[in-house]
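Colleague: Give me the fold of what follows.
(2 chains)
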Protein chains: 2
Amino acid sequence: MVTDPPSSPESSLGPGARTTLRRQRDRGIHDASVVYAILDAAPICHVGFTAAPDGSEAYPVVLPMVHARLGDRLYLHGAPANAMLGVLATGTPVCVTATIVDGLVLARSMFHHSMNFRCVTVFGTAEIVDDADEIRAASGALVDHVVPGRAAITRPPTASEIRRTRFVAVPIVEASAKIRTGGPNDEPEDLDLEVWAGHVPVSSVAGAPVPDAGVAVSYPR
Amino acid sequence: MVTDPPSSPESSLGPGARTTLRRQRDRGIHDASVVYAILDAAPICHVGFTAAPDGSEAYPVVLPMVHARLGDRLYLHGAPANAMLGVLATGTPVCVTATIVDGLVLARSMFHHSMNFRCVTVFGTAEIVDDADEIRAASGALVDHVVPGRAAITRPPTASEIRRTRFVAVPIVEASAKIRTGGPNDEPEDLDLEVWAGHVPVSSVAGAPVPDAGVAVSYPR
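Modeller: Model prediction:
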């Protein structure tokens, strides 16, 4: 089931027990519009779960994945043999974190160095997606997440490819965003040190496309 | 205790029970030199642990952090009140994953879209760092991780700042790297589709530095 995003920018995804900041509360944001915008802008996410193998101690696992959001659902996908998706499909609790580094914050003191960033953390449980329409929509969303518009021009998955892919959806119910912007917060007594201080924006930039052998059309078509 | 990196490129960090790939074994790399190079190149990492609050179900938590490596130890730091570091300091299992996206892999079919990336996953437990020399070395490494050479020109932490920072180290004992490069692996029957296919390198690029008020020296000094 794919639902539309909440229309109100005040739609709140918390705070819940897991997303109440104990510190720096001003950086904690639960507006769905903010959470969704960061999820949409982050190229990848990191997915965490607790592995509990038979007979040994449980341990956390964090792996990178491409994600896509449609409405209030976050989609992940991979091969049916993918161990993480297999665990997620059992309904184990999952944490999905997407982070965009926006800049380096260089202070006069080591202590006040920092990063500018946008980050979203989603807590929930995953559901197996087995509805054909939702799988098709998620397939397109995952491709469009990487290069917007690409789903319209590439061959959609065959029935066999869909059987060879596991899709799960994490309903975005409890989530929080954290954002840092601006320069350093140096100590007053450090302001006269002869050290450059400020912030350096960083962004992800595409280089020259490398065509596959035999490609006759121009990028990005 | 800071130790030198193993001198042999064949130094192996596994596979152990947690880092034996079940699929795509060719992508699993345990050479310390490869693992270290990716950790050093990734600006941030994602740290995962299992939160087990009194009286409620345990759940995974994944948060972004700046890291630095010295020898076979991975350093993390934050305020003493930082909830995650507080849990890590108890010796709970931790997973640290650092990922660099190197490119977009655009295929003729949705199914074969992918990403080029370098990723390291470290499994272990954290130790509190309370040795003054190691704290000083870790402080410098964390600053130099963000901008190499910066530790030499910025004011080192005072005793008070060190008291207001918690440092933990994760010994890099069990780790694996995964790397994907190159173009898409399209199906033979798709090669004639009129869709651009190939890969697009992406990289993180610094923009124009924004100096803090009153800075008289030139970037990056």
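Colleague: Enumerate the positions of the helix ranked longest in chain A that are buried.
Modeller: Ranked by residue count and defined by DSSP state H, the top helix of chain A is helix A:132-146. By neighbour count on 16 or more other CB atoms under 10 Å in any protein chain shown, the buried set for helix A:132-146 is A:134-135, A:137-146. Every C-beta, even on glycine, is put in place using the N, C-alpha and C of the backbone.
Colleague: any idea of the mean pLDDT for it?
Modeller: For helix A:132-146, mean pLDDT is 96.
Colleague: Please list the outside residues in contact with whichever helix or strand comes after it.
Modeller: Per DSSP states H and E, the first helix or strand lying C-terminal to helix A:132-146 is helix A:159-163. Taking CB atoms under 8 Å, 6 or more residues apart in numbering or on different chains as the criterion, the residues outside helix A:159-163 that touch it are A:80, A:132, A:135, A:139, B:109, B:111.
Colleague: and if we set it to 7 Å?
Modeller: With CB atoms under 7 Å, 6 or more residues apart in numbering or on different chains as the test, helix A:159-163 has contacts from A:135, B:111.
Colleague: Quick one: the strands in chain A, in order.
Modeller: A:28-29, A:45-51, A:59-65, A:68-70, A:73-78, A:93-106, A:114-125, A:127-128, A:166-171, A:174-180, A:198-206, A:210-211 (DSSP state E).
Colleague: any idea how far the residue located most distally from the centre of chain A lies from A:Arg108?
Modeller: When distances are taken from the C-alpha mean of chain A, A:Asp192 lies farthest, 40.0 Å away, according to CA atoms, centre = their mean. A:Asp192 sits 9 Å away from A:Arg108, going by CB to CB, to the nearest Å.
Colleague: again, but for A:Thr19
Modeller: A:Thr19 is 34 Å from A:Arg108, by CB to CB.
Colleague: So if I had to pick from those two, which one is more boxed in?
Modeller: Neighbour totals were compared for A:Thr19 and A:Arg108, and A:Arg108 leads with 24 against 19 (other CB atoms under 10 Å in any protein chain shown).
Colleague: surely the more buried one meets A:Gly198?
Modeller: No: in this structure A:Arg108 lies outside contact range of A:Gly198 using CB atoms under 7 Å: 10.1 Å.
Colleague: nearest residue to the residue nearest the centre of chain A other than its sequence neighbours?
Modeller: The C-alpha lying nearest the average C-alpha coordinate of chain A belongs to A:Ala98 (CA atoms, centre = their mean; 3.0 Å). Nearest residue to A:Ala98 in three dimensions, chain neighbours excluded: A:Ala42, at 3.6 Å (CB to CB, 6 or more residues apart in numbering or on different chains).
Colleague: Next one: that neighbour, what pLDDT does it get?
Modeller: Value for A:Ala42, per-residue pLDDT: 98.
Colleague: Need the phi and psi values for it.
Modeller: phi -80, psi 130 (degrees, to the nearest 10).
Colleague: That one touches A:Val101, doesn't it?
Modeller: No: here A:Ala42 does not reach A:Val101: they are 10.1 Å apart, not a contact under CB under 7 Å.
Colleague: Test for you: state the pLDDT assigned to the residue farthest from the centre of chain A.
Modeller: For A:Asp192, pLDDT reads 94.
Colleague: Could you do A:Pro184 as well?
Modeller: 97.
Colleague: do the same with A:Arg118
Modeller: 97.
Colleague: Over to A:Arg221?
Modeller: Reported pLDDT for A:Arg221: 70.
Colleague: same check, this time on A:Pro93
Modeller: 96.
Colleague: Which strand residues bridge A:Met115?
Modeller: A:Met115 has these beta-bridge partners by DSSP bridges: A:Leu104.
Colleague: what's the neighbour count on it?
Modeller: A:Met115: 20 neighbours (other CB under 10 Å).
Colleague: what separates A:Cys45 from B:Arg155, distance-wise?
Modeller: A:Cys45 is 36 Å from B:Arg155, by CB to CB.
Colleague: Looking at these two, which is more packed in?
Modeller: A:Cys45 (27 against 18).
Colleague: my read: that one touches A:Thr97, true?
Modeller: Yes: with contact defined as CB under 7 Å, A:Cys45 counts as touching A:Thr97 (6.3 Å).
Colleague: what residues are up against the residue nearest to A:Ala98?
Modeller: A:98-100 are the contacts of A:Ala42 under CB under 7 Å, 6+ apart.
Colleague: JSON lines please, covering these and showing pLDDT.
Modeller: Shown next, in JSON lines, are the contacts of A:Ala42 (pLDDT from 0 to 100):
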{"residue": "A:Ala98", "pLDDT": "98"}
{"residue": "A:Thr99", "pLDDT": "98"}
{"residue": "A:Ile100", "pLDDT": "98"}
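Colleague: Among those residues, which one sits closest to chain B?
Modeller: A:Thr99 (4.2 Å; CB to the nearest CB).
Colleague: Quickly list what the closest one is bridged to.
Modeller: Here A:Thr99, judged by DSSP bridges, has bridge partners A:Cys119.
Colleague: how about it, what does it touch?
Modeller: Neighbours of A:Thr99 in contact, by CB under 7 Å, 6+ apart: A:42, A:117, A:119, B:44, B:64.
Colleague: So which of those residues is the closest to A:Glu127?
Modeller: Distances from A:Glu127 to the contacts of A:Thr99, taken as CB to CB, are shortest for A:Ala42 (21.5 Å).
Colleague: State the distance from the closest one to A:Cys95.
Modeller: 15 Å.
Colleague: now swap in A:Ser203 and tell me
Modeller: For A:Ser203, the distance to A:Cys95 - CB to CB - is 26 Å.
Colleague: Please say which of the two ends up with more neighbours.
Modeller: Counted by other CB under 10 Å, A:Ser203 and A:Cys95 do not tie: A:Cys95 has more neighbours, with 28 against 13.
Colleague: Let me know the distance separating that one from B:Asn185.
Modeller: In terms of CB to CB, A:Cys95 sits 31 Å off from B:Asn185.
Colleague: quick one, phi psi at the residue farthest from the centre of chain A?
Modeller: According to degrees, to the nearest 10, A:Asp192 has phi -90, psi 0.
Colleague: Poorly predicted segments of chain A, please.
Modeller: Scanning chain A for pLDDT under 70 picks out the ranges A:1-10, A:20-28.
Colleague: For A:Ala51, which non-adjacent residue is closest in space?
Modeller: Using CB to CB, 6+ apart, the closest residue to A:Ala51 is A:Val61 (5.1 Å).
Colleague: Wait, the residue nearest to the centre of chain A touches A:Cys45, no?
Modeller: Yes: counting by CB under 7 Å, A:Ala98 touches A:Cys45, with 4.1 Å between them.
Colleague: Overlap of the contact sets of the two?
Modeller: In contact with both A:Ala98 and A:Cys45: A:His67, using CB under 7 Å, 6+ apart.
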